[in-house]
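Peer 1: can't give you the sequence, but here's the structure:
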């Protein structure tokens, strides 16, 4: 049954979630803006432009991929928000990061289940790039 307490708890949980996400996304966003203003992001972009262009992505997107692959989705969202992306590019990144996010933490967990890291990490990266490429080609 819906009561005023239900709404209070929901509001409280929502504010708590926003706070937790902001603790990750705002510092990452600011760090990427600093990289951009300093020119370092341009250097990173230049290096990864050939690989990213195969997926229809700008070179700056490589930073979002690496952070998403290594850390988590929310940190990569902070980066994605700080660079100019089309809807298609953001969707491509979203697909790729959803498949192979938090590789460090999740690999440690699946190793405890008996899955070999030497198999699962390359597999997730390959499937991530394959799905990103297929989405880019088809849509």
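Peer 2: Done, it's in. These figures come from a predicted structure and were not determined experimentally.
Peer 1: every contact and neighbour count from this point should use C-alpha atoms.
Peer 2: Fine.
Peer 1: elements contacting the helix or strand hosting residue 27?
Peer 2: When secondary structure is defined by DSSP states H and E, residue 27 falls within helix 4-38. In terms of contacts (3 or more Cα pairs under 8 Å, 6 or more residues apart in numbering; DSSP states H and E), helix 4-38 is packed against helix 40-53, helix 73-82.
Peer 1: go again using 10 Å as the cut-off
Peer 2: Under the contact criterion of 3 or more Cα pairs under 10 Å, 6 or more residues apart in numbering; DSSP states H and E, helix 4-38 touches helix 40-53, helix 61-70, helix 73-82.
Peer 1: okay, those helices in CSV with mean pLDDT, mean neighbour count and distance to residue 90 next?
Peer 2: Listed next are those as CSV, based on pLDDT from 0 to 100; neighbours: other Cα atoms under 10 Å; distance: least, Cα to Cα, whole Å:
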stretch, mean pLDDT, mean neighbour count, distance to residue 90
helix 40-53, 92, 15, 13
helix 61-70, 94, 22, 9
helix 73-82, 92, 22, 7
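Peer 1: got those as a markdown table, with distance to residue 6 columns?
Peer 2: Converted to a markdown table, those look like this (distance: least, Cα to Cα, whole Å):
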| stretch | distance to residue 6 |
| --- | --- |
| helix 40-53 | 45 |
| helix 61-70 | 34 |
| helix 73-82 | 27 |
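Peer 1: quick one, which of those gets closest to residue 130.
Peer 2: Each of those was checked against residue 130 via Cα to Cα, and the shortest separation belongs to helix 40-53, namely 12.7 Å.
Peer 1: gap between the closest one and the chain center?
Peer 2: The chain centroid and the centroid of helix 40-53 are separated by 17 Å, computed with Cα atoms, centre = their mean, to the nearest Å.
Peer 1: and it, what does it pack against?
Peer 2: For helix 40-53, the elements it packs on are helix 4-38, helix 61-70, judged by 3+ Cα pairs under 10 Å, 6+ apart.
Peer 1: tabulate those helices in JSON lines, adding columns for distance to residue 106.
Peer 2: Below are these laid out as JSON lines (distance: least, Cα to Cα, whole Å):
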{"stretch": "helix 4-38", "distance to residue 106": "18"}
{"stretch": "helix 61-70", "distance to residue 106": "10"}
